[in-house]
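**Q** Fold the following.
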Amino acid sequence: MQAADIRTRYQTWGTAGPPVVLVHGAFESVDTWSRLAPLLARDHRVYALDLTGDGYSERHGPYTVDHFTRQLLGFLDAMHLGGPGERPLLVGHSSGAAVVTEAALRASGRLGGVMLLDGDALDTGAGPPPAFKYVLIDPYRTSLLRIGLGIDGVIRSLYDAQCGPACPRLDAAGLDQWRRPLRVPGAENALWSMLAAGVPGLPADQVARLAGVHLPKSVVFGAQDDVFTRQTPQETARRIGAPPATLIPGARHLTMIASPEAVATAVDRLTAAAT
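**A** Next up is the predicted model:
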């Protein structure tokens, strides 16, 4: 499917109810939502797409919030979402929080609400340390990627650190879910480009503009998410004019995998506020 200028992989669940569009974070994909989406599909029509640079969508830079947002809005066009009775709730995970925030700033009239999930939408300048630039030079970077992808323990350790003990252990299919998108054509160049640029986000004053947008909003974080400070969830809620943040006990940064029922409840609550 073509979303704006990008050939885009997507998936849908459910046949009735208010629409929900799931927007993943960096180095994730449609498959990241595989535990949450079927739960939401009990009462919603659910859509998820692979942003360019990740998953199985066409690799087509630049890998910026602007470009991701144009792809997302193009996806809404392609799915005929955004008109009367078809205004979707956007859920943005991690760096996807910046994408749904920018979409709400550009096209609030097309949306039913916005949820920032494990993400503050900010451009924090996060990225690799200065010395990392040396491994971004061939042949080191190619060797590093191939070695890393070939070691199951490397993938499991990254997953465990981000997901926590509440998450299911990665079996062979789970390992393949995280590994295979990094082996599709164009994936390696896209990966190094995104790592060099750092995590995509928006300036704080731009994120704060969301407080003036009349949409239902919510902020949901894993209570043990150590990617951010303990103050981040409530600071983010205040910044965007949302009610106090929801903290999910026992979850780290991948709440939709660790605690899908709790996230689904939060989505349902926000959907109710939008009707």
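**Q** Show me the shaky parts of the stretch 101-250 of the chain.
**A** Residue ranges of the stretch 101-250 of the chain with pLDDT under 70: 125-151.
**Q** all strands of it, in order?
**A** In the stretch 101-250 of the chain, strands defined by DSSP state E, counting those that start in this stretch lie at 113-117, 217-222, 246-248, listed in chain order.
**Q** residues making contact with the last one?
**A** What that stands for is strand 246-248. Strand 246-248 has contacts (C-beta atoms under 8 Å, 6 or more residues apart in numbering) with 218-223, 233, 255, 258-259, 262-263, 266. For the C-beta atoms, the positions are set from N, CA and C on the backbone; glycine is no exception.
**Q** The second one too?
**A** Residues from elsewhere that reach strand 217-222, judged by C-beta under 8 Å, 6+ apart: 113-118, 164, 210, 228, 232-233, 236-237, 240-243, 245-248, 250-255, 258-259, 263, 266, 269-270.
**Q** Determine how far it lies from the middle of the whole chain.
**A** 13 Å (C-alpha atoms, centre = their mean, to the nearest Å).
**Q** next one: stretch 264-274
**A** Computed by C-alpha atoms, centre = their mean, the chain-centroid distance of stretch 264-274 equals 18 Å.
**Q** hmm, who's touching that stretch?
**A** Outside stretch 264-274, the residues touching it (C-beta under 8 Å, 6+ apart) are 18, 20, 36, 39-40, 43-44, 87, 89, 91, 112-113, 115, 215-218, 220, 246.
**Q** Then stretch 231-244?
**A** Against stretch 231-244 from outside (C-beta under 8 Å, 6+ apart): 101, 114, 116, 120-121, 204, 207-208, 210-213, 217-219, 221, 245, 247.
**Q** cool, and stretch 14-24?
**A** With C-beta under 8 Å, 6+ apart, stretch 14-24 has contacts from 30, 32-33, 36-37, 40-51, 54-55, 72, 75-76, 81, 86-94, 96, 99-100, 112, 267, 271, 274-275.
**Q** Repeat that for stretch 30-43.
**A** Applying C-beta under 8 Å, 6+ apart, the contact partners of stretch 30-43 are 9-11, 13-14, 17-18, 20, 22, 24-25, 46, 48-50, 55, 93, 177, 254, 256-257, 260-261, 263-264, 267-268, 271.
**Q** Give the ChimeraX command for selecting the buried subset of those residues.
**A** In ChimeraX syntax, the buried subset of those is picked out as below (16 or more other C-beta atoms under 10 Å):
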select :9,10,11,13,14,18,20,22,24,25,46,48,49,50,55,93,177,254,256,257,260,263,264,267,268,271
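**Q** Which of the strands of the stretch 101-250 of the chain has the highest mean neighbour count?
**A** Mean neighbour count (mean count of other C-beta atoms under 10 Å) peaks for strand 113-117 among the strands of the stretch 101-250 of the chain, with a mean of 28.
**Q** got the angle for that strand vs strand 217-222?
**A** The directions of strand 113-117 and strand 217-222 differ by 20 degrees, with axes from the mean of the first three to the mean of the last three C-alpha atoms, to 10 degrees as the criterion.
**Q** tally of neighbours for the residue nearest to Tyr47 when sequence neighbours are not counted?
**A** Spatial nearest neighbour of Tyr47, excluding adjacent residues (C-beta to C-beta, 6 or more residues apart in numbering): Val21 at 4.8 Å. Val21 has 24 neighbours, counted by other C-beta atoms under 10 Å.
**Q** secondary structure element for Val21?
**A** Using DSSP states H and E, Val21 sits within strand 19-23.
**Q** you'd agree Leu117 is up against Ala97?
**A** Yes: in terms of C-beta atoms under 8 Å, Leu117 counts as a neighbour of Ala97; the distance is 6.9 Å.
**Q** Grab the nearest non-local neighbour of Thr101.
**A** Spatial nearest neighbour of Thr101, excluding adjacent residues (C-beta to C-beta, 6+ apart): Ala121 at 4.4 Å.
**Q** For the stretch 1-150 of the chain, just list every one of the helices.
**A** 37-40, 65-78, 96-107, 140-150 (DSSP state H, counting those that start in this stretch).
**Q** can you put these in TSV and add distance to Ala197 and mean neighbour count?
**A** Formatted as TSV, the helices of the stretch 1-150 of the chain follow (distance: least, C-beta to C-beta, whole Å; neighbours: other C-beta atoms under 10 Å):
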stretch	distance to Ala197	mean neighbour count
helix 37-40	29	21
helix 65-78	11	21
helix 96-107	13	25
helix 140-150	15	13
